[in-house]
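# this one's structure only:
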């Protein structure tokens, strides 16, 4: 039987075979899971010690509003004049023409009705799609320029009690070799990443009592302490870890090492969420949606959202993501710092990942990325190595501001040797999902520069307190470029000096020479020149 949402969207909730299988399977699986794990909540990685009251999840993610907007805007999406009016209004909002700076960097670029209209545009209408892409590019260039921030994921453990149909780490995958990094191995991993030039890491782990939250906190201390020659250190640690209680969010905050706390809802469509998450603590939809509320209340006000595209209709997911972002802004005065756009890739032991129920092709994926950029102009958008080099190149032009480089999704992968024997054994060391971009960091850096971008490892704004209202005042005055662009050049110069290949150094010097003059005020040019001289004299971690 279809939900009202599925019926209104003119399609089934799930493929018929999957729906039938779910009906037969879910009760038995749930009962078995309860016996095995002591109940979904009993197996939680993080136990709540500070009960609190939160807004109803159904008021945060309003299914009927999403469905009504998608249905009501189908005709408007066929009207070029209406679409262009929406794009013009969104561009003006992103330029902060009538914006009064407040405590948040979050700006809502589209209403739900406007966003739904764009989502309903036919991807085969090349003229209108071109207008959407041009608007997304104009907004990106205005705010982020040609800077692309680089980072790497670091997986610490792959034990997991959850049984998510799309993930290789799922508890039901008996083929996966399970492991967790020892402190010595963790130090080797971080050192290997530093030697690639990384300054920013996204640290991840599964959810299981074999690798506890206490052990994870210790690991964060280790990551922050590793130093390598000539001046390797991690300057920003973001985390993507299981849902935490309010009390454990406070403990994470107390480490004073965490940048962004990221948690993907995977899908905001409640029936699909239930079907995809067979058992384990992650199967609690409401608890997962409220995770970012708990982070905010604990003082972790840099949070990241995301869904896994392919689980449900991407139009529904984009609107729900915007709805979740708006809730955080209204409730806490701070919208999400980042939004990630992972698209489902094959994963070991997962039939769903091989045939996603709502597969998103390249044309629709590029469209949704552009619309998200228009909808949340000042929110960082993250692109992973799930996408091919060619697709990443396309997506950089329509909204992405951060991307992973040289990524590996299996535990201990960075410090392994590259011998044939090691490669032959990789089948027993499977990652969370397969990758489509296998280029090493140095190749990505070179390719970005050849395409006219400035690779960046900058963390200056966070450390100088240029966030929230302070940042938005700079943005409204049109001065972001005078801060962010020089800082990106300093990090690029540092990378070239310490880790760059000869090709990268030659190309990089041309980029720095050109970019140190484009669009900067005279005073910013002078300051940039002086600080670049400091970097070239051997000084590290130079920023404005």
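Yep, that arrived. Quantities reported herein were computed from a predicted structural model and do not represent experimental measurements.

# ok, residue 220 touching residue 203?
Yes - in terms of CB atoms under 8 Å, residue 220 counts as a neighbour of residue 203; the distance is 6.9 Å. (Each C-beta comes from the backbone N, C-alpha and C, glycine too.)

# neighbour-wise, which of these two wins?
Neighbour comparison, residue 220 and residue 203: the larger count goes to residue 203, with 22 against 19 (by other CB atoms under 10 Å).

# Would you confirm that the more buried one belongs to a strand?
Yes - the assignment for residue 203, made by DSSP: H, G, I helix; E, B strand; the rest coil, places it in a strand.

# which ones are touching it?
Taking CB atoms under 8 Å, 6 or more residues apart in numbering as the criterion, residue 203 is in contact with 153-154, 156, 219-220, 223, 237-241.

# Would you mind giving both backbone torsions of residue 304?
Comment: the main-chain dihedrals of residue 304 come out as phi -120, psi 140, following degrees, to the nearest 10.

# Could you check how far it is from residue 327?
Taking CB to CB, to the nearest Å as the measure, residue 304 and residue 327 are separated by 15 Å.

# more neighbours, those two?
Neighbours around residue 304 and residue 327, counted as other CB under 10 Å, are more numerous at residue 304. The numbers are 24 against 20.

# how far away is the closest residue to residue 460 other than its chain neighbours from residue 327?
Beyond its immediate neighbours in the sequence, the residue positioned closest to residue 460 (CB to CB, 6 or more residues apart in numbering) is residue 543, lying 3.8 Å away. Distance, residue 543 to residue 327, using CB to CB: 33 Å.

# Can you pull the poorly scored residue ranges out of this protein?
Along the chain, the model assigns pLDDT under 70 to residues 1-43, 99-103, 417-430, 467-470, 472, 475-478.

# rewinding a little: overlap in contacts of residue 220 and residue 203?
By the contact definition CB under 8 Å, 6+ apart, residue 220 and residue 203 are jointly contacted by 237, 239.

# Just the strands from this protein, written as ranges.
147-157, 200-205, 236-240, 258-262, 303-306, 338-340, 380-383, 402-404, 454-456 (DSSP state E).

# Any chance of these in JSON lines with distance to residue 107 as columns?
Supplementary listing: these in JSON lines, determined by distance: least, CB to CB, whole Å:
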{"stretch": "strand 147-157", "distance to residue 107": "19"}
{"stretch": "strand 200-205", "distance to residue 107": "24"}
{"stretch": "strand 236-240", "distance to residue 107": "22"}
{"stretch": "strand 258-262", "distance to residue 107": "18"}
{"stretch": "strand 303-306", "distance to residue 107": "15"}
{"stretch": "strand 338-340", "distance to residue 107": "13"}
{"stretch": "strand 380-383", "distance to residue 107": "13"}
{"stretch": "strand 402-404", "distance to residue 107": "18"}
{"stretch": "strand 454-456", "distance to residue 107": "22"}
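
# Go through those strands and pick out the most buried.
Ranked by mean neighbour count, the strands of the chain are led by strand 454-456 with a mean of 25 (mean count of other CB atoms under 10 Å).

# Can you spell out which helices and strands pack onto it?
strand 147-157, helix 441-450, helix 480-499 (3 or more CB pairs under 8 Å, 6 or more residues apart in numbering; DSSP states H and E).

# ok, residues contacting that strand?
Residues outside strand 454-456 that contact it (CB under 8 Å, 6+ apart) are 145-150, 444-445, 448-449, 485, 487-489, 491-492, 495, 511, 515.

# try it again with 10 Å
144-150, 197, 199-200, 401-403, 405, 441, 444-449, 484-485, 487-492, 495-496, 504, 508, 511-512, 514-515 (CB atoms under 10 Å, 6 or more residues apart in numbering).

# Please apply the same query to stretch 68-76.
Residues outside stretch 68-76 that contact it (CB under 10 Å, 6+ apart) are 5, 8-10, 62, 77, 82-83, 85-86, 111-121, 313, 315-316, 318-319.

# Name all residues that make contact with residue 362.
Contacts of residue 362 (CB under 10 Å, 6+ apart): 123, 343, 387-388, 390-391, 394-395.

# how does it look with 8 Å?
Shown here is residue 362, whose contacts under the criterion CB under 8 Å, 6+ apart are 391, 394.

# gap between residue 389 and residue 334?
34 Å.

# Looking only at neighbour counts, state which of these two leads.
Between residue 389 and residue 334, counted using other CB under 10 Å, the more crowded position is residue 334 (19 against 14).

# hang on, the earlier thing: I'd assumed residue 487 was in contact with the residue nearest to residue 460.
Yes - with the criterion set as CB under 8 Å, residue 543 and residue 487 qualify as a contacting pair; they are 4.9 Å apart.
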